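Colleague: Here is a sequence with its predicted model. Questions after.
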Amino acid sequence: MSVLHHRRPVNKASSPSRPLATDDSGAAASSRQPTHLGVIREEIRKIERYDPPFADRTVINLSLNEHYALPSSQIQDALYNLDPMRLVTYDTEVAEQLRARIAAREGVSIENVVLCPGSSSGLQLLFSCLAGGPLLVPSICWSYYLNLARLHGLPVTHYDVRRGDGEFQVEAESVAGALERERPALLLFIQPHMPTGALSPVELVLGAAEGARGTLVLVDEAYHGFSPAAASVAARVLTHPNLLVSKTFSKYFGLAGIRMGYLVASAPIAEQLHKAASPFSVPFVSSLVALAALDSEPHYRALAAEVMAVKGAFARRIDAIPGLRAYRSHANFLLVELPDAEAAARAEADIRAAGVAVRSARSYGLPSFLRISLGAAETMERVATALERSEARHAAR
Ligand SMILES: Cc1ncc(COP(=O)(O)O)c(C=O)c1O
């Protein structure tokens, strides 16, 4: 009998027509089923789910800092020539090859490299290993760090990131003061900083690591590679044993979908991280793709130069619109300031009407800003034109 004609009987009892409501005790009101939420840690029950701002994929999405380019031909070949039998086994060989290649690229040894399925998983792994104590983060930062802190019961304190003339800045005195006062378990730098695109001097980062005994200094280099001015400090884990660097294939290599990232740490710290990681957590296909990405460095270097050129041209267009300002960024996104929060919301809607999604920076405490990822030159042309028209229309009223 053809499967097309084979119908499974519908079990009406197991397919309720509406969702079950829950009463105060947590039991589903209509079935009296207990929810068993009491077995879940209170910290988890209290935090809000991390909700990525996924935009409608029928528009061009410049809200998630993704890349716009097709994966390199080496990556496409690697996928095309994939031996399906390799999917059957718990592969460690390709992951080990990848670790060795990453170690050579970063100027460290293989024991300094911990692979993880996306750098956010690497951050989670690190947080799960911390003995406790405060977390010191930038005053403007990605909410996921705060979620991780709450999840692991770590108090959070901040150092200042301030708006300067044309660029944002990490305040060195504020970092030093907070280090002295709080004696944090973990000090976090984002380099280049997200969402502002600012760069902290390498001396500030390394100086903090040198001065802060008993503190781990984590440098999130997720957006490394786009700006020649932004040097990686990964190799410095060899001389600074309390330094850790996290990196990802999601941004510079434009491979957010493979979920591949890594931590670089001193050998003793990396060893502890390895012990805490789940076995075989690095997917074989992702390792294969990441290796092919490393084989395509010249291609990605050229793409990064293209992103920088597009960014320069786009920023100049924005700065020419009265009342708007693009802040200097060393990453694949730009912060654009509008006269006020209302103007920012209006511009976001007008850009969306032109078929492009950008990100409001409201959740970062910057309601009059939009964070705009850099897309292909034609897309940025479309965004700039939408912004010009939006402002001109409003000025004419
Ligand atoms: C600052 C920062 N770090 C880390 C990540 C996580 O990257 P992934 O988990 O894709 O490696 C992101 C993602 O947008 C980010 O903005």
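Modeller: Structure received. Remember, predicted model here, so these are calculated numbers, not experimental data.
Colleague: which other residues reach stretch 46-61?
Modeller: If you take Cβ atoms under 8 Å, 6 or more residues apart in numbering as the criterion, stretch 46-61 is touched by 63-64, 143-144, 147, 150-151, 352, 355-357, 359, 373, 375, 379, 382. All C-beta atoms are positioned from the backbone trio N, CA, C, and that covers glycine.
Colleague: How far does that stretch sit from its chain's centre?
Modeller: Distance, stretch centre to chain centre, for stretch 46-61: 13 Å (Cα atoms, centre = their mean, to the nearest Å).
Colleague: average pLDDT for it?
Modeller: For stretch 46-61, mean pLDDT is 79.
Colleague: hang on, the earlier thing: so which of the contacts of stretch 46-61 sit within strands?
Modeller: Among the contacts of stretch 46-61, the members found in strands (DSSP state E) are 356, 357, 359, 373.
Colleague: and residue 325, backbone torsions?
Modeller: For residue 325, the backbone dihedrals (degrees, to the nearest 10) come out as phi -150, psi 130.
Colleague: Touching, residue 137 and residue 158? I think so.
Modeller: Yes - contact criterion Cβ atoms under 8 Å: residue 137 and residue 158 qualify, at 6.0 Å.
Colleague: quick one: which of the two has more around it?
Modeller: Comparing residue 137 with residue 158 by other Cβ atoms under 10 Å, the one with more neighbours is residue 137, at 24 against 15.
Colleague: Quick check: mean pLDDT of the helix or strand where the more buried one lies?
Modeller: Assigning secondary structure by DSSP states H and E places residue 137 in strand 135-138. Averaged over strand 135-138, pLDDT sits at 98.
Colleague: what comes into contact with it?
Modeller: 145-146, 149, 154-161, 170, 175, 178-179, 182, 184-190, 193, 215.
Colleague: and what of stretch 156-172?
Modeller: With Cβ under 8 Å, 6+ apart, stretch 156-172 has contacts from 134-141, 146, 149, 174-175, 177-178, 182, 184, 189, 193, 196-198, 200-201, 204, 325, 327-328, 335.
Colleague: Out of those, which sit inside helices?
Modeller: Among the contacts of stretch 156-172, the members found in helices (DSSP state H) are 146, 149, 174, 175, 177, 178, 182, 204.
Colleague: now residue 98: how far from residue 287?
Modeller: Noted for residue 98: a distance of 5 Å to residue 287, by Cβ to Cβ, to the nearest Å.
Colleague: same thing with residue 365?
Modeller: The spacing between residue 365 and residue 287, counted by Cβ to Cβ, is 38 Å.
Colleague: what's the helix or strand for residue 158?
Modeller: Residue 158 belongs to strand 156-159 when elements are defined using DSSP H and E.
Colleague: swap that for residue 57, please
Modeller: Judged by DSSP H and E, residue 57 forms part of no helix or strand.
Colleague: give me the number of residues near it?
Modeller: Residue 57: 8 neighbours (other Cβ under 10 Å).
Colleague: Start at 558, not 1
Modeller: With the count now opening at 558, the last piece we talked about shows up as residue 614.
Colleague: Could you pull up the mean pLDDT of the top helix by length along the chain?
Modeller: Longest helix in the chain by number of residues (criterion: DSSP H): helix 854-876. On average, the pLDDT along helix 854-876 is 96.
Colleague: elements contacting that helix?
Modeller: Applying 3 or more Cβ pairs under 8 Å, 6 or more residues apart in numbering; DSSP states H and E, one finds that helix 854-876 contacts strand 882-883, strand 890-894, helix 934-953.
Colleague: for the closest residue to residue 746 other than its chain neighbours, what are its contacts?
Modeller: Spatial nearest neighbour of residue 746, chain neighbours left out: residue 776 (4.8 Å); criterion: Cβ to Cβ, 6 or more residues apart in numbering. For residue 776, the contacting residues are 745, 746, 747, 748, 762, 790, 800, 801, 802, 803, by Cβ under 8 Å, 6+ apart.
Colleague: Quick check: the farthest pair among those?
Modeller: Distance extremes for the contacts of residue 776: the farthest pair is 747 and 800 at 14.6 Å, using Cβ to Cβ.
Colleague: one step back: using PyMOL, define a selection of the buried residues within the contacts of residue 776.
Modeller: Applied in PyMOL, the following selects the buried portion of the contacts of residue 776 according to 16 or more other Cβ atoms under 10 Å:
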select buried, resi 745+746+747+748+762+790+800+801+802+803
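Colleague: The ligand contacts on the stretch 558-707 of the chain?
Modeller: Residues of the stretch 558-707 of the chain lying close to the ligand (Cβ under 6 Å from any ligand atom) are 622, 675, 676, 677, 699.
Colleague: go with 8 Å
Modeller: Neighbours of the ligand within the stretch 558-707 of the chain, by Cβ under 8 Å from any ligand atom: 621, 622, 675, 676, 677, 678, 679, 680, 698, 699, 701.
Colleague: so what pLDDT did the last one get?
Modeller: Reading off the per-residue confidence, residue 701 sits at a pLDDT of 93.
Colleague: With the third one instead?
Modeller: The per-residue pLDDT reported for residue 675 equals 97.
Colleague: quick one: it and residue 820 touch, right?
Modeller: No - using Cβ under 8 Å, residue 675 is not in contact with residue 820; the gap is 11.5 Å.
Colleague: on that earlier part again, from the contacts of residue 776, which are also near the ligand?
Modeller: Among these, proximity to the ligand is found for 747, 803 (Cβ under 8 Å from any ligand atom).
Colleague: Could you single out the nearest of the contacts of residue 776 to the ligand?
Modeller: residue 747 (5.0 Å; Cβ to the nearest ligand atom).
Colleague: what's the distance between the closest one and residue 699?
Modeller: In terms of Cβ to Cβ, residue 747 sits 7 Å off from residue 699.
Colleague: Distance of residue 837 relative to the ligand?
Modeller: Remark: distance between residue 837 and the ligand (Cβ to the nearest ligand atom, to the nearest Å) = 19 Å.
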